[in-house]
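Asks: Just a sequence and a predicted model for now, questions to come.
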Amino acid sequence: MADSYQSAHYDHPIPDVSKPFDLRCPDNTDLWRIPPSTSRANTPHIYRTIAASEFKSARVTVSGPWTKLYDQGGLCMIIDIPGADQNKWVKTGIEMLNGKPRVSVVGTDSWSDWSLHPVVAADKVSATIEMVVEHDHLWVYLLGDDGERHPMREITWWNALPKDAQCKVGVSAARPATDGGELLVHYENLIITT
């Protein structure tokens with residue numbers, strides 16, 4: 001299965017994503033764009049390329065030893081639009097803020113915006129997250145240990161994507177801190193459907 005996946009900013013072999021796997025992430029990495037001029041896009045990313053019009057859903061469980069501010073890992077979808085000056089993206093998973101792991105969603109159209117939700121898993125360090133196309137919009141859900149789907153975000157600009165948009169869908173990790181060394185993020189049950 002790894003042969004259908006590619007990687008960006010990742011200097012290690014692509015793992016077998018059909019089994020539990022880890023992603024090694026160096027420090028000083030991030031995927032974030034805010035005005036007036038901050039644009040960072042050097043996170044390790046393992047992905048499949050899918051036409052936006054064919055994407056249905058993606059799901060994964062993510063966990064890690066979150067210690068530094070903004071340590072993060074989870075699902076990541078980078079959307080390339082032919083002829084556009086910039087890509088768009090959606091990322092969701094665990095992110096460390098104020099000393100606690102939290103579930104985050106970042107949606108980036110022109111600029112990034114960010115929302116947070118408490119971790120609902122009993123272990124307080126993991127999350128199962130899902131991106132699903134519903135009613136022509138992209139929805140992000142957090143799945144509780146009890147099976148409850150917590151709606152986290154509706155990405156309304158999804159239905160305005162051109163038909164030739166391509167999505168790089170998979171997992172990513174980041175450690176924006178410039179110290180602390182490598183972050184090792186763990187993933188299980190990655191499922192991408194078209």
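Replies: Arrived safely.

Asks: pLDDT weak spots in the protein?
Replies: 1-3 (pLDDT under 70).

Asks: Where do the helices of the protein begin and end?
Replies: Under the criterion DSSP state H, the chain carries no helices.

Asks: Going by neighbour count, which residues in stretch 101-115 are buried?
Replies: 101-109, 112 (16 or more other Cβ atoms under 10 Å). C-beta coordinates here come from the backbone N, C-alpha and C atoms, glycine included.

Asks: Could you work out the end-to-end span of it for me?
Replies: From its first residue to its last, stretch 101-115 covers 13 Å (Cα to Cα, to the nearest Å).

Asks: ok, back up a step: name the nearest of the buried residues of stretch 101-115 relative to residue 83.
Replies: residue 109 (16.2 Å; Cβ to Cβ).

Asks: Enumerate every residue touching that closest one.
Replies: Contacts for residue 109 (Cβ atoms under 8 Å, 6 or more residues apart in numbering) come out as 88, 157.

Asks: In this structure residue 119 contacts residue 129, no?
Replies: No. Counting by Cβ atoms under 8 Å, residue 119 sits too far from residue 129 to count as a contact (11.0 Å).

Asks: Now the common contact residues for these two.
Replies: Common neighbours of residue 119 and residue 129 (Cβ under 8 Å, 6+ apart) are residue 103.

Asks: So between those two, which is more surrounded?
Replies: Comparing residue 119 with residue 129 by neighbour count (other Cβ atoms under 10 Å), the higher total belongs to residue 129, at 24 against 17.

Asks: Skip the chain neighbours and tell me the closest residue to the more buried one.
Replies: Spatial nearest neighbour of residue 129, chain neighbours left out: residue 92 (4.8 Å); criterion: Cβ to Cβ, 6 or more residues apart in numbering.

Asks: Look up how far residue 161 lies from that neighbour.
Replies: Going from residue 92 to residue 161 by Cβ to Cβ, to the nearest Å gives 18 Å.

Asks: Give me the more crowded residue out of those two.
Replies: Ranked by neighbour count (other Cβ under 10 Å), residue 92 and residue 161 place residue 92 first, with 29 against 18.

Asks: Cross-check the contact I'm expecting between that one and residue 102.
Replies: No. Between residue 92 and residue 102 there is no contact under Cβ under 8 Å: 11.3 Å.

Asks: Contacts only, for residue 22.
Replies: 15, 184-187.

Asks: let's see it at 10 Å
Replies: Residues near residue 22 by Cβ atoms under 10 Å, 6 or more residues apart in numbering: 12, 15, 64, 73, 173, 184-187.

Asks: Can I have the buried ones of the residues you listed as a ChimeraX selection?
Replies: Buried members of those can be picked out in ChimeraX with the line below, counting by 16+ other Cβ under 10 Å:
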select :15,64,73,173,185,186,187
